[in-house]
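Enquirer: just the structure for this:
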Amino acid sequence: MTQDKPLISPKELLALQKSEKLLLIDARFGEDKFEQSHLKGALYVALNSQMSHVKEDAAMGGRHPLPEPEAFAKTLGSLGIGSESHVVVYDDKNGAMSAARFWWMLKALGHKRIQVLDGGMDAAIEAGFPLSSTIENLEEKEPYPGDAWLLPIAGLTEVENAVKEKDHRLVDVREAERYLGQNEPIDLVAGHIPGAVNIPFSGNLDKDGFFLSPETLKKKYRQALGNTPTDQTIVHCGSGVTACHTLLALSHAGMEIPQLYVGSWSEWSRNEKPIARENG
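Expert: Numbering: from 1, shown residues only. Down below sits the predicted model:
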């Protein structure tokens, strides 16, 4: 099976409406929004309960740790997703909440036909994609045939070691004020992992909320990462969700996908690890 490009445009999605293999996934945060209105034919997937295994203590894996691969495989089966499915996922935050995370997870199980809707739900509506409030009947299948994450993942220990190695590159994709420690609206402590460079995920998009061209993104990240090998590059955010937006951008640019630190700042900052701020 050929592998699709990671993004699909609203016009391309319109042309696929009647495809029997198409499964449209709504990954917006808040199922109430989905119940009120969604792209026609879409099924809902929840970040907290289906894309994460949330624990009482965020020090153990962060705010959105990954579920076990087998658990996610069951979720995919409950959505009717099989190895031959053409899956398109969207949200209302230009892929950052949580479409890119779902893309990464499905790709990490080895799925070939998974794409994120460029521009998100608003762009699809503007292109004329119909809306609905109907909850579709799920054609449940057996669990997806995958039992391991196949894309590279870094844990707390790997990140701690990378901080000490000059030939490793840590990329923090949060907004600059959170990275600098000037503002922290979500986690308990402000700042960043020492040595991490800040490349906000919002810089992957143009002024209209669409991903920049592959050529532009490739040039940007080649300059930012230099000659650091992919296996020595670790991307993180607050809780391992928006980091996937940058992994998606790198894939869109035709580059290899580096390591994802799923625990991200929410885990690091709760484990008495070194913290850097703008003023030291």
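Enquirer: which pLDDT value goes with residue 141?
Expert: On pLDDT, residue 141 comes in at 87.
Enquirer: doesn't residue 75 make contact with it?
Expert: No - using Cβ atoms under 8 Å, residue 141 is not in contact with residue 75; the gap is 11.4 Å. Bear in mind the C-beta positions are built from the backbone N, C-alpha and C, glycine included.
Enquirer: of these two, who's got more company?
Expert: Neighbour count, other Cβ atoms under 10 Å: between residue 141 and residue 75, residue 75 has more, with 18 against 15.
Enquirer: tell me if that one really is in a helix.
Expert: Yes - according to DSSP: H, G, I helix; E, B strand; the rest coil, residue 75 belongs to a helix.
Enquirer: which residues does it contact?
Expert: By Cβ atoms under 8 Å, 6 or more residues apart in numbering, residue 75 lies in contact with 45, 50, 67.
Enquirer: how about those in CSV, adding neighbour count and secondary structure?
Expert: Shown next, in CSV, are those (neighbours: other Cβ atoms under 10 Å; DSSP: H, G, I helix; E, B strand; the rest coil):
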residue, neighbour count, secondary structure
45, 25, coil
50, 21, coil
67, 18, coil
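Enquirer: pLDDT at the residue lying closest to residue 132 once chain neighbours are set aside, what is it?
Expert: Excluding its sequence neighbours, the residue lying closest to residue 132 (Cβ to Cβ, 6 or more residues apart in numbering) is residue 40, at 4.1 Å. On the pLDDT scale, residue 40 is placed at 96.
Enquirer: same check, this time on residue 51
Expert: The score at residue 51 is 98. That number is its pLDDT.
Enquirer: is it true that it touches residue 65?
Expert: No - with contact defined as Cβ under 8 Å, residue 51 does not reach residue 65; the gap is 10.2 Å.
Enquirer: out of these two, which sits in the busier spot?
Expert: Higher neighbour count among residue 51 and residue 65: residue 51, with 21 against 18, using other Cβ under 10 Å.
Enquirer: for residue 187, which three-state class applies?
Expert: Using three-state DSSP, the structure places residue 187 in coil.
Enquirer: quick one: residues contacting the residue positioned nearest the centre of the chain.
Expert: Closest residue to the average C-alpha location of the chain: residue 101 at 2.5 Å, with Cα atoms, centre = their mean. Residues in contact with residue 101 (Cβ under 8 Å, 6+ apart) are 27, 47, 51, 64, 240, 241, 244.
Enquirer: residues in contact with stretch 44-59?
Expert: By Cβ under 8 Å, 6+ apart, the surrounding residues in contact with stretch 44-59 are 25-27, 29, 31, 34, 38, 61, 63-68, 71-72, 75, 79, 89, 97-98, 101-102, 105, 239, 241, 266-267, 270-271.
Enquirer: swap the cut-off to 7 Å and go again
Expert: By Cβ atoms under 7 Å, 6 or more residues apart in numbering, the surrounding residues in contact with stretch 44-59 are 25-27, 29, 31, 34, 61, 64-67, 75, 79, 98, 101-102, 105, 241, 266-267, 270-271.
Enquirer: if anything else comes up later, I'll come back, but that's it for now.
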